[in-house]
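**Student:** Pasted the sequence and its predicted model underneath.
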Amino acid sequence: MEDRHVTFELVSNIAKTYGLDVNEMKPLGGYIDKNLLLKCSNGKEYVLRIKIQTFNQQLEEMIDEGLKHFQTAGFQVPFPILTVTGEPRGKCEFSNHEDSQFCYPVHLTPFIPGKTVFDAGFNADELHIISRNVGAFGGLMQNRLMTLNSKKRIRRSDFQVWYTENFPIVREFHGFVENEALRSKLCKLIDRFEQAVTPKLPKLRQAFVHGDYSNTNIVIVDRIQASSQYLTDEQLLAKIGILDFEYFHYGYIVFSLTTCIAYMMSQAAYAGADPIFVAGEILRGFVEKFPLNEDEWDVVFWGVIARLTSSYLMSIRLLSIATDPDEDYIMCQSSKSCELLEILTSLGEAKVKNMWVTK
């Protein structure tokens, strides 16, 4: 997107598609799809996503239903801005230096001010408090999603390995682990998951879930307040936003929570915070707003184990097969996974769950 010709084409496309004059354009994160922060002449800021990945119309419509459901309840979400013709998605055409033409779907959303939990640089004390608020916000989100009535229940076919119930799939990537002892340990964790969780799947509640409720997608609008006190429901809606509904789907509720716990534990390890305490705070915040039943509580520990293991295995696999891998980017969420797995398995499920309840 740094090519001046492409940038000129993009600015022209935005003016034609959305009726906006772009004054400034800044690239944001995104591994496949391209995300850009736009500052426009109307004084407002927007995020433009250029969809490089395969476009699924039904999936996008389902996501829009979820976004609208959140927006009407006061959640800060990236609900798409309509094009000048009233469509939630537009198209942008580009040409390269060989004059080959490319056309990608795009959508424009309001910019949610603030920083993600991952980027905010919280210290250990702040992280201990923000974790309770992150959990509570997740519980509020899930309460809202329980009232979403949609007939569309689509899942991304390219995301199957990340659905926690499919965790055993990652066994095929164990060969990317060079250390034999570590490879054996990870395989044993997969075996334990199959024994402890797979038979319980029919008993677990399903509903619409965000799909990637993690520290990279949770925006803190007011850092000082969100990291210094436990927030009320009204404050949670005002001080926290949520991004990236690309993996929004109908699935197991408890695994949305365990995904959040795993990534927040990783951030805790980086920040010098207590990862077990952080996990417990997320859990306590979540269940205050959305109580778990006994079957869901039974699989929380192994859901966290599954995401930490999957994150590590998928990262080292990508490092091995990528042509020009960015190791810092690829491993930013998983380099602490093995350390955390050692902590969890050394303590054991019973002791960890007791610490999560009593701390």
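**Tutor:** Everything's here; your move.
**Student:** can you give me the helices for this structure?
**Tutor:** Using DSSP state H, the helices of the chain run over 4-18, 57-71, 124-145, 180-196, 223-226, 233-239, 253-271, 275-289, 294-321, 327-331, 337-347, 349-358.
**Student:** Let me know which of these is tucked in deepest.
**Tutor:** Of all the helices of the chain, helix 253-271 has the most neighbours on average by mean count of other C-beta atoms under 10 Å, namely a mean of 25. All C-beta spots, glycine's among them, are computed from the backbone N, C-alpha and C.
**Student:** Can you work out which other helices and strands pack against it?
**Tutor:** helix 124-145, strand 206-209, helix 275-289, helix 294-321, helix 337-347 (3 or more C-beta pairs under 8 Å, 6 or more residues apart in numbering; DSSP states H and E).
**Student:** hmm, back to that, and the helices of the chain: which comes nearest N166?
**Tutor:** N166 sits nearest to helix 294-321 of all the helices of the chain, at 9.1 Å, using C-beta to C-beta.
**Student:** Just send the helices of the chain back as a markdown table, with distance to K152 too.
**Tutor:** Formatted as a markdown table, the helices of the chain follow (distance: least, C-beta to C-beta, whole Å):
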| stretch | distance to K152 |
| --- | --- |
| helix 4-18 | 25 |
| helix 57-71 | 4 |
| helix 124-145 | 14 |
| helix 180-196 | 29 |
| helix 223-226 | 33 |
| helix 233-239 | 25 |
| helix 253-271 | 18 |
| helix 275-289 | 25 |
| helix 294-321 | 24 |
| helix 327-331 | 32 |
| helix 337-347 | 33 |
| helix 349-358 | 35 |
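**Student:** For the helices and strands packed on helix 253-271, give me CSV that also has distance to I261 and mean pLDDT.
**Tutor:** Shown next, in CSV, are those (distance: least, C-beta to C-beta, whole Å; pLDDT from 0 to 100):
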stretch, distance to I261, mean pLDDT
helix 124-145, 8, 96
strand 206-209, 14, 96
helix 275-289, 5, 97
helix 294-321, 5, 94
helix 337-347, 10, 96
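**Student:** Any chance of CSV for the ones you listed, columns distance to E87?
**Tutor:** Below are these laid out as CSV (distance: least, C-beta to C-beta, whole Å):
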stretch, distance to E87
helix 124-145, 25
strand 206-209, 23
helix 275-289, 35
helix 294-321, 35
helix 337-347, 41
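**Student:** All set, thanks.
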